[in-house]
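Colleague: Using only what follows, build the 3D model:
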Amino acid sequence: MAGVSASETQEKRKAALLSVGSAALLVSLKTFLVYRTSSLGVLSEALHSGLDLVAAIITFLSIRVADQPADERHPYGHGKFENFSAFVETGLLVLTALYVIYEAFERLFFRSVHIQPSWIAFVVLGGALAIDLTRARKLSAVAKKHSSEALEADALHFSTDVWSTIVVIAGIALVWAGETWNVPWLVYADAVAGLAVAGVILWVGSRLGMRTLDALLDAVPVGLQEQIVQAVGRMDGVEGVNRVRVRRAGNRYFVDATVGVPRTASLEQVHAWSDAIERRVGEIVPADVVVHAEPQAPPAENFLESIRATAQRMGNAIHDLSVTQQSGNLFVDLHLEVEEGLTLSEAHFQATELEEAILALPEHPAEVNIHIEPMGSNIAETSTSAGEMQQLARAIENFVNGLTSEYDELLNCHDVHVRQVQHRILVSCHCTMKGALPVTQVHDVTAALEDRIKEKFTQIFRVTIHPEPDGER
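Modeller: Numbers count the residues shown, from 1 in each chain. Now for the predicted structure:
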């Protein structure tokens, strides 16, 4: 998983530290006002800000922990500490709201508290409102930029402070108006303002609590899993998306995807497809992605592909595979490469196992004929003089170029190489042919040319022709 950059960590810590300082200043100002006014609204705000200070400290500490890299005890990192921090802050908000509600009902129905509004209260609360606005915007911007749930929780706290401070100012203003114009019932405006503040706190706290609880319980954001499934399902090499699981830790997701890939694909192909899937999921959401590839037969897999997949699954290398049909029956011919050190009995046992597996395929071939040949594993050294081989190479090149009138597909022969290996003469050459020809026709022509060369030069053991289209030299 990619680590958190130093600049990101520094910016988040700076925002959290600014929040701690702002909260400490607000607690001091509002505590001073509580003694000056005896207002429940101001008291609720002071308590709210006091818990905000605690929450801000928790946020600062949680960010320091959450940005630490994964270790042996925490292989998925420490990101969930941010989610836990936000959940704790939600609990503190609820406790604050419950106390304010209790105090409001006490003042409304059971005891009377004399409120002493003054211009100092309006000045202090106005300053607190400006601080709340500035801090909420700063925290929200940093939280959105780095997907930090802890900072987002802190930002929500200060956004509720903005509204609750406005309500408290209105409550004190109404109490002051009641005293000025002799309207006794306006004295209850302060308690009502406290209830309004508690309502705002509970509403915001419930929203934040549900989100953080979902994160702690690994709930998937609505639509994210389906979006990943659809994006991965459209990628090259993916036959189907069998399962996608998503979990979240802090600002990062962990995605486990199980996909079906063609069973005939090589390990290198599957690895390349897995890398592409990881990059595509990372474009949707910042995530650590694990891809599990399961081999499966493509919907339109033909019989020859099934045979190759069967051989590959058994760890066998085959070539020269051909299937013919006669009287409704299928006949399979192929070459099986085995290790050079095997005995005939051991090689025959390996061929028999492959034969039985092919006979068990749904197509039920009538017969499987396997030619056994040793798999090349050693690099042989050439013998005899280079001069003799060069002379034979020129003779072969002139001979093949003289066949262009017989084979319309053949344009020229070049790059002829002759080598003598362990008393066997091996020939390789390049033949230019018409690029528009089908590969089956080219194969037939190259096979015929190889036979003609061996007929002409009987000392040659094997001929390999590399066909290439005209214009490619």
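Colleague: only C-alpha atoms for contact and neighbour calcs from this point on.
Modeller: Noted.
Colleague: Contacts only, for Phe109.
Modeller: Taking CA atoms under 8 Å, 6 or more residues apart in numbering, we find Phe109 in contact with no residue.
Colleague: wait, Val416 sits on Ile396?
Modeller: Yes. Val416 is within contact range of Ile396, at 7.5 Å (criterion: CA atoms under 8 Å).
Colleague: Please state the offset of stretch 243-258 from the chain centre?
Modeller: Taking CA atoms, centre = their mean, to the nearest Å, the mean C-alpha location of stretch 243-258 is offset from the chain mean by 8 Å.
Colleague: so what's the backbone phi/psi at Tyr407?
Modeller: The phi/psi pair for Tyr407 (degrees, to the nearest 10) reads phi -120, psi 110.
Colleague: From His443, how far off is it?
Modeller: Separation of Tyr407 from His443 (CA to CA, to the nearest Å) stands at 13 Å.
Colleague: quick one: the helices in the stretch 351-473 of the chain?
Modeller: With helices called from DSSP state H, counting those that start in this stretch, the stretch 351-473 of the chain shows them at 386-401, 439-456.
Colleague: Only alpha carbons, please: show the shortest one as CSV.
Modeller: Extracted C-alpha coordinates of helix 386-401, given in CSV (Å, rounded to 0.1, in the frame of the first residue of the first chain):
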residue,chain,number,x,y,z
ALA,A,386,32.5,-22.6,-41.2
GLY,A,387,33.7,-22.7,-44.8
GLU,A,388,31.9,-26.0,-45.6
MET,A,389,28.7,-24.7,-44.0
GLN,A,390,28.8,-21.4,-45.9
GLN,A,391,29.2,-23.2,-49.2
LEU,A,392,26.1,-25.4,-48.5
ALA,A,393,24.1,-22.4,-47.4
ARG,A,394,24.8,-20.6,-50.7
ALA,A,395,23.7,-23.8,-52.6
ILE,A,396,20.5,-24.0,-50.6
GLU,A,397,19.7,-20.3,-51.1
ASN,A,398,20.2,-20.6,-54.9
PHE,A,399,18.1,-23.7,-55.0
VAL,A,400,15.1,-22.2,-53.2
ASN,A,401,15.2,-19.0,-55.2
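Colleague: now for that helix, which elements pack on it?
Modeller: Here helix 386-401 is seen to pack against strand 410-421, helix 439-456 when contacts are counted using 3 or more CA pairs under 8 Å, 6 or more residues apart in numbering; DSSP states H and E.
Colleague: the inter-axis angle of that helix versus strand 410-421?
Modeller: Interaxial angle, helix 386-401 versus strand 410-421 (axes from the mean of the first three to the mean of the last three CA atoms, to 10 degrees): 150 degrees.
Colleague: From the chain's centroid, how far away is helix 386-401?
Modeller: Helix 386-401 sits 57 Å away from the centroid of its parent chain (CA atoms, centre = their mean).
Colleague: what comes up buried for it?
Modeller: Under the neighbour-count criterion of 16 or more other CA atoms under 10 Å, helix 386-401 has Met389, Leu392, Ala393, Ile396, Glu397, Val400 buried.
Colleague: wait, which of the helices of the stretch 351-473 of the chain is closest to His371?
Modeller: Among the helices of the stretch 351-473 of the chain, helix 439-456 comes nearest to His371, with 18.5 Å by CA to CA.
Colleague: Do a quick rundown of the helices in this protein.
Modeller: With helices called from DSSP state H, the chain shows them at 6-37, 40-66, 80-105, 119-146, 149-180, 189-216, 224-233, 267-284, 303-313, 344-359, 386-401, 439-456.
Colleague: could you give the mean pLDDT of stretch 369-386?
Modeller: The average pLDDT within stretch 369-386 is 69.
Colleague: no wait, stretch 252-260
Modeller: 89.
Colleague: export that stretch as CSV, just CAs?
Modeller: The C-alpha coordinates for stretch 252-260 follow below in CSV (Å, rounded to 0.1, in the frame of the first residue of the first chain):
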residue,chain,number,x,y,z
ARG,A,252,-8.0,4.5,2.1
TYR,A,253,-9.8,1.5,0.8
PHE,A,254,-8.8,-2.2,0.5
VAL,A,255,-10.3,-4.0,-2.4
ASP,A,256,-10.2,-7.8,-3.0
ALA,A,257,-11.3,-8.8,-6.5
THR,A,258,-11.7,-12.3,-7.8
VAL,A,259,-11.9,-12.4,-11.6
GLY,A,260,-12.1,-15.2,-14.2
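Colleague: Nice, that's everything, thank you.
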